[in-house]
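A.B. asks: here is the input, now give the coordinates:
(chains A and B)
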Number of protein chains: 2
Amino acid sequence: MTPTLPAAPKAVLIDLAGVLHVGDQAIPGAVQALQRLRATGLPLRFLTNTTRSPRKAIVDLLVGLGFDVAADEIHTAALATRQLVLSRGLRPHWLVHPDIAAEMGASDPNPNVVVLGDAGPHFTFDGLNAAFRLLMAGCPLIAMARNRYFKEPDGFTLDLGAFVVALEYGAGVTAEIVGKPAAPFFLGPLAELGVAPSEAVLIGDDLRDDIGGAQAVGIAGILVRTGKFRPGDDANPEVTPTRVVEDFSAAVALLVGGG
Amino acid sequence: MTPTLPAAPKAVLIDLAGVLHVGDQAIPGAVQALQRLRATGLPLRFLTNTTRSPRKAIVDLLVGLGFDVAADEIHTAALATRQLVLSRGLRPHWLVHPDIAAEMGASDPNPNVVVLGDAGPHFTFDGLNAAFRLLMAGCPLIAMARNRYFKEPDGFTLDLGAFVVALEYGAGVTAEIVGKPAAPFFLGPLAELGVAPSEAVLIGDDLRDDIGGAQAVGIAGILVRTGKFRPGDDANPEVTPTRVVEDFSAAVALLVGGG
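C.D. replies: Next comes the predicted model:
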């Protein structure tokens, strides 16, 4: 079921990579579009499955590109995962990018869960095999996301999901996913704001994880044709976005008029 | 359907790692059991999905452990893959272990297929990502095998299959598998010998790829409780081996008596 666009949205959830920027380049018009959206006074939350950078680095990148965002508006899959691990009192073995290692904390010498983030170029056979052996010994697997790929300035790049399925297949287990498209990752920020899913809108470039995840919990999804968007995403039989527009600027125009 | 054990088998197919040896250690009694099997004069073929070593190194290892095997009796998934690529006139991008690179030949600078072997510790993010980008550009994926894991002296180790599913998931493609459990990998050696599947027996330690693959084409499968065998493999609802025995020595006793 495709949710309908609320006549007067009360909150907007916005994906970052591929929507506001690609790598260290702002998407054309996105800085100004965010200013127009800000002018409405609508509460905004930014949801990212990027787990290669700590939240501070994400804020610094966005602010450096001219975007008006504050750290406490940004929900990262990595911080949500850390919170989950803490709340359950687990002893994690972190397999994550060195840039977020400090944000996550140290691995436990006697772990009872394997926690996977996007280590990117730091994924090694030995690191994956160490995690695999813990899974074979009975540890469950938590993954920050299971995205397939994302777009960097020089082309598409394998994302965390490929390594999640590698470990799942090797060890015969199924990972628990914390970031998009998991329902709590969308519903948590809305609950904090006191906004119902039917009153919210999400803007994203990932058909399955952004749009599919949001719409599965009743949030209208606007798919943009930037970032990882590929021809055919707007005619996929499994996920039909509430709207498909050219870019973030067009999405904002749809919500607030003008543009 | 579980094939029945032929009263008088006319050929025996034998898996190597986990059946005759684990790493550089012979399985106890296996050298002598192979001698007893040899004494019957039955034609033997050795089928291995190991793609980290060229055939010569596999022969040298086995002979060094005391096994009576000849190079032309050994069918490796790597050589079968090379043959397939040549027969189709493909331009391969090889992502393989450096030890078999010479046996496979050079990658084509303008590839039209990605071919994956078990690079083991030589799998890197950059190597996987380069293959991923070729898949995203439309190259099909051929994999030498899709085994989940194998046993080394220090524990279970991730096998090629984990990296096959990683690329399949990332790029949204399905690999063509050349080694076990693909039917031609079992049927080819039997065709050369002029032996029907119902007259042959396979001995292996991998429930799905050895036993499942052989039995799917009508070859009786004897599962040994060595190598990667894990408790429960002998009570799996999906694959019921023709027989389950303790080790290679017991399998030979079943076929030729004595032991």
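
A.B. asks: residues touching residue A:169, list them.
C.D. replies: Contacts for residue A:169 (CB atoms under 8 Å, 6 or more residues apart in numbering or on different chains) come out as B:148, B:161, B:162, B:165. Backbone N, C-alpha and C define where each C-beta goes, glycine included.

A.B. asks: at 10 Å instead, please
C.D. replies: B:146, B:148-149, B:158-159, B:161-166, B:168-169 (CB atoms under 10 Å, 6 or more residues apart in numbering or on different chains).

A.B. asks: most surrounded residue in those residues?
C.D. replies: residue B:163 (29 neighbours; other CB atoms under 10 Å in any protein chain shown).

A.B. asks: next, the contact list for residue A:12, please.
C.D. replies: Counted by CB under 10 Å, 6+ apart, residue A:12 has contacts A:37, A:40, A:42-46, A:195, A:200-203, A:222, A:251-252, A:255-256.

A.B. asks: 6 Å - rerun?
C.D. replies: Contacts for residue A:12 (CB atoms under 6 Å, 6 or more residues apart in numbering or on different chains) come out as A:42, A:44, A:201.

A.B. asks: and what about it, helix, strand or coil?
C.D. replies: strand (DSSP: H, G, I helix; E, B strand; the rest coil).

A.B. asks: same deal with residue A:195?
C.D. replies: coil.

A.B. asks: residue A:8 is in contact with that one, correct?
C.D. replies: No. Residue A:195 lies out of contact with residue A:8 (CB atoms under 6 Å); the separation is 11.6 Å.

A.B. asks: so these two - more neighbours on which side?
C.D. replies: Between residue A:195 and residue A:8, residue A:195 has the larger neighbour count (other CB under 10 Å), namely 21 against 7.

A.B. asks: and the more buried one, how far is that from residue A:63?
C.D. replies: Remark: distance between residue A:195 and residue A:63 (CB to CB, to the nearest Å) = 25 Å.

A.B. asks: cool, and residue A:140?
C.D. replies: Separation of residue A:140 from residue A:63 (CB to CB) stands at 37 Å.

A.B. asks: repeat that for residue A:151.
C.D. replies: Separation of residue A:151 from residue A:63 (CB to CB): 22 Å.

A.B. asks: more neighbours: which of the two?
C.D. replies: The neighbour count for residue A:151 versus residue A:63, taken as other CB under 10 Å, is higher for residue A:151 (18 against 13).

A.B. asks: that's a strand at that one, yeah?
C.D. replies: Yes. When three-state DSSP is applied, residue A:151 is found to be in a strand.

A.B. asks: can you pull the contacts of it?
C.D. replies: Applying CB under 6 Å, 6+ apart, the residues near residue A:151 are A:18, A:22, A:227, A:228.

A.B. asks: next, the spatially closest residue to the third one that is not a sequence neighbour: phi, psi?
C.D. replies: By that I understand residue A:227. Nearest in space to residue A:227, with sequence neighbours left out and distances taken as CB to CB, 6 or more residues apart in numbering or on different chains, is residue A:18 at 1.9 Å. Dihedral pair for residue A:18: phi 90, psi -10, per degrees, to the nearest 10.

A.B. asks: shouldn't residue A:18 be in contact with residue A:228?
C.D. replies: Yes. Using CB under 6 Å, residue A:18 is in contact with residue A:228, at 5.2 Å.

A.B. asks: okay, and the common contacts of these two?
C.D. replies: Common neighbours of residue A:18 and residue A:228, counting by CB under 6 Å, 6+ apart, are A:151, A:205.

A.B. asks: next one: stretch A:41-52 to chain centre, how far?
C.D. replies: Centroid displacement of stretch A:41-52 relative to its chain, using CA atoms, centre = their mean, to the nearest Å, is 8 Å.

A.B. asks: repeat that for stretch A:106-122.
C.D. replies: Averaging C-alpha positions (CA atoms, centre = their mean) puts stretch A:106-122 19 Å from its chain's average.

A.B. asks: list the buried residues in stretch A:45-65.
C.D. replies: A:45-55, A:58-59, A:61-62, A:65 (16 or more other CB atoms under 10 Å in any protein chain shown).

A.B. asks: actually, stretch A:191-202.
C.D. replies: For stretch A:191-202, by 16+ other CB under 10 Å, it's A:193, A:195, A:197, A:199, A:200, A:201, A:202.

A.B. asks: sec struct for residue A:142, please.
C.D. replies: Secondary structure, three-state DSSP: residue A:142 is strand.

A.B. asks: wait, doesn't it sit right on residue A:179?
C.D. replies: No. Between residue A:142 and residue A:179 there is no contact under CB under 6 Å: 10.8 Å.

A.B. asks: those two: who's more crowded?
C.D. replies: More neighbours surround residue A:179 than the other of residue A:142 and residue A:179, with 27 against 21 (other CB under 10 Å).

A.B. asks: alright, I will stop here.
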